[in-house]
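Asks: what follows is a predicted protein model with its sequence.
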Amino acid sequence: MVGAQVNTVTILMRDACDPDSFNAAVGPNTCVAGQHGTTLFSLFIAELQEDHIAGAWRFNPLLDASAGNFKLVTLNLTAGQQTVIQNLGGETHTLTRVKEFGGGNVPPLNALSGNPVPAPECSLAASNTNFILGAGTSEAGPQVPPRYPRRLLSGNAASILGCV
């Protein structure tokens, strides 16, 4: 349909880092103060060791928790559709298009999450397929190429990974 309006989809990055404990364990300014959470670094590591994930570190949409629902979401976008990425967390995060899911840029976290082999795309500089956002920032995200739909966050066409 020529001239049809395409809605922009916002992808939210979230974490719950406690600035004092994260900065003491990892280094200054790893986690900036804000309204994002109070998970101690030791509890973050314990959750990774037990579950291989840290539930508060996520992209949204990720879950549909609307009335009567609680399920994982696949974000289906149409050709030409624009995304906006907003980091609501206290840490720097990435949104990277990868061929296959894998580990990120932090080897100890890769081991704890059960993803010891980093996705090669995670080593790339910021680009139109690798977005690096500081805490509390937002920017235009990937736009779906014309001629075919893409799926973000899961599926075969385009997979998105947080490398950091």
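Replies: Happy to help now that I have it.
Asks: span of stretch 22-39 from start to end?
Replies: Stretch 22-39 has an end-to-end distance of 9 Å (CA to CA, to the nearest Å).
Asks: tell me how far that stretch is from the chain's mean position?
Replies: Centre-to-centre, stretch 22-39 and its host chain are 17 Å apart (CA atoms, centre = their mean, to the nearest Å).
Asks: next one: stretch 12-30
Replies: 16 Å.
Asks: report the buried residues of that stretch.
Replies: 12-19, 21-23, 30 (16 or more other CB atoms under 10 Å). Bear in mind the C-beta positions are built from the backbone N, C-alpha and C, glycine included.
Asks: closest to residue 68 out of the residues you listed?
Replies: residue 12 (22.3 Å; CB to CB).
Asks: spatially nearest residue to the closest one, not counting backbone neighbours?
Replies: Using CB to CB, 6 or more residues apart in numbering and skipping residues adjacent in sequence, the residue nearest residue 12 is residue 60, 4.2 Å away.
Asks: picking up where we left off before, the buried residues of stretch 12-30 in helices, which ones?
Replies: Members of the buried residues of stretch 12-30 lying in helices (criterion: DSSP state H): 19, 21-23.
Asks: any weak-confidence spans in this protein?
Replies: Residue ranges of the chain with pLDDT under 70: 1-6, 61-67, 69-73, 145-161.
Asks: okay, strands next: where are they in it?
Replies: 9-14, 58-60, 63-64, 71-72, 75-77, 82-87, 93-98, 130-133, 138-143, 150-152, 159-161 (DSSP state E).
Asks: so which of the ones you listed gets nearest residue 111?
Replies: Of all the strands of the chain, strand 159-161 comes closest under CB to CB, at 16.4 Å.
Asks: quick check: beta-bridge partners of residue 138?
Replies: residue 86 (DSSP bridges).
Asks: quick one: contacts for it?
Replies: 84-87 (CB atoms under 8 Å, 6 or more residues apart in numbering).
Asks: swap in residue 107?
Replies: Neighbouring residues of residue 107 by CB under 8 Å, 6+ apart: 116, 118.
Asks: okay if I get the strands of the chain as CSV plus distance to residue 124?
Replies: Output for the strands of the chain, formatted as CSV (distance: least, CB to CB, whole Å):
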stretch, distance to residue 124
strand 9-14, 18
strand 58-60, 19
strand 63-64, 28
strand 71-72, 27
strand 75-77, 22
strand 82-87, 16
strand 93-98, 7
strand 130-133, 5
strand 138-143, 14
strand 150-152, 18
strand 159-161, 12
